[in-house]
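Student: for reference, the sequence and a predicted model appear below.
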Amino acid sequence: MRAKEFELKHRDPNWKTLQAKRTSGAAGAHKDQKKSEKQGDVKHKKSYEKDMAEAGYQQGFGDPNAPSLGSQDRRDFKRAELQHELGHERNNIAVSINGKLWKVFQGKGTADSFEERQHLTYMRTWAEKKSAATGKKWSVSLTGAEPTA
């Protein structure tokens, strides 16, 4: 008996990677996504509304378990934060006569400091005395404008 002659095919250099892709499942299953969503098969999504309703949270109302916003600790924290932010800034004092800006004086101390409040109080009493003496309306306020005097 004579052996059957075989025809040799040329070798594919990528046959192992192609075989690995076929068996790895990388192509994924081709499913009807709309149909599976209707059946409730949703992947990686949570129903936050349902969870919130179960937790007793009502939309539009504050969380009853949250710390109150008016607590002393919160106020102290906010005050310290404001002091840190404004620690290097200075407010100036604007003097107006009958509603028109007259001069801007350099403020004393840093923003929201004791020195600034004390100087502002002094300037307000000065403006009241000046109003009484001249008959014009002198007013004093804090401003961020550059000093003119």
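Tutor: Yep, it's here. Residues are numbered from 1 along each chain as shown.
Student: show me where the chain has strands.
Tutor: Assigned by DSSP state E, the chain shows strands spanning 92-97, 100-105, 138-143.
Student: most tightly packed of those strands?
Tutor: Burial of these is given as mean neighbour count (mean count of other CB atoms under 10 Å); strand 92-97 ranks first at a mean of 19. For glycine as for every other residue, the C-beta is placed from the backbone atoms N, C-alpha and C.
Student: packing partners of that one?
Tutor: Secondary-structure packing of strand 92-97 (3 or more CB pairs under 8 Å, 6 or more residues apart in numbering; DSSP states H and E): strand 100-105, helix 114-134, strand 138-143.
Student: residues in contact with the second one: which ones?
Tutor: Spelled out, that is helix 114-134. With contact meaning CB atoms under 8 Å, 6 or more residues apart in numbering, helix 114-134 is reached by 90-91, 93, 95, 105, 107-110, 136-140, 142.
Student: what would the strands of the chain look like in a markdown table with distance to residue 85?
Tutor: A markdown table is the format used below for the strands of the chain (distance: least, CB to CB, whole Å):
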| stretch | distance to residue 85 |
| --- | --- |
| strand 92-97 | 18 |
| strand 100-105 | 23 |
| strand 138-143 | 16 |
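Student: and the ones you listed as CSV, adding distance to residue 78 and mean pLDDT?
Tutor: Shown next, in CSV, are the strands of the chain (distance: least, CB to CB, whole Å; pLDDT from 0 to 100):
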stretch, distance to residue 78, mean pLDDT
strand 92-97, 24, 92
strand 100-105, 29, 93
strand 138-143, 20, 92
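Student: so which of the ones you listed gets nearest residue 84?
Tutor: strand 138-143 (19.4 Å; CB to CB).
Student: before we move on, the earlier item: with residue 79 as the reference, name the closest of the strands of the chain.
Tutor: Closest of the strands of the chain to residue 79 is strand 138-143, at 17.7 Å (criterion: CB to CB).
Student: so what strands line up beside that closest one?
Tutor: In the sheet, strand 138-143 lines up against strand 92-97 (antiparallel) (DSSP bridges).
Student: the strand it pairs with versus strand 100-105: what angle between them?
Tutor: 150 degrees (axes from the mean of the first three to the mean of the last three CA atoms, to 10 degrees).
Student: from the chain's centroid, how far away is strand 92-97?
Tutor: Strand 92-97 sits 34 Å away from the centroid of its parent chain (CA atoms, centre = their mean, to the nearest Å).
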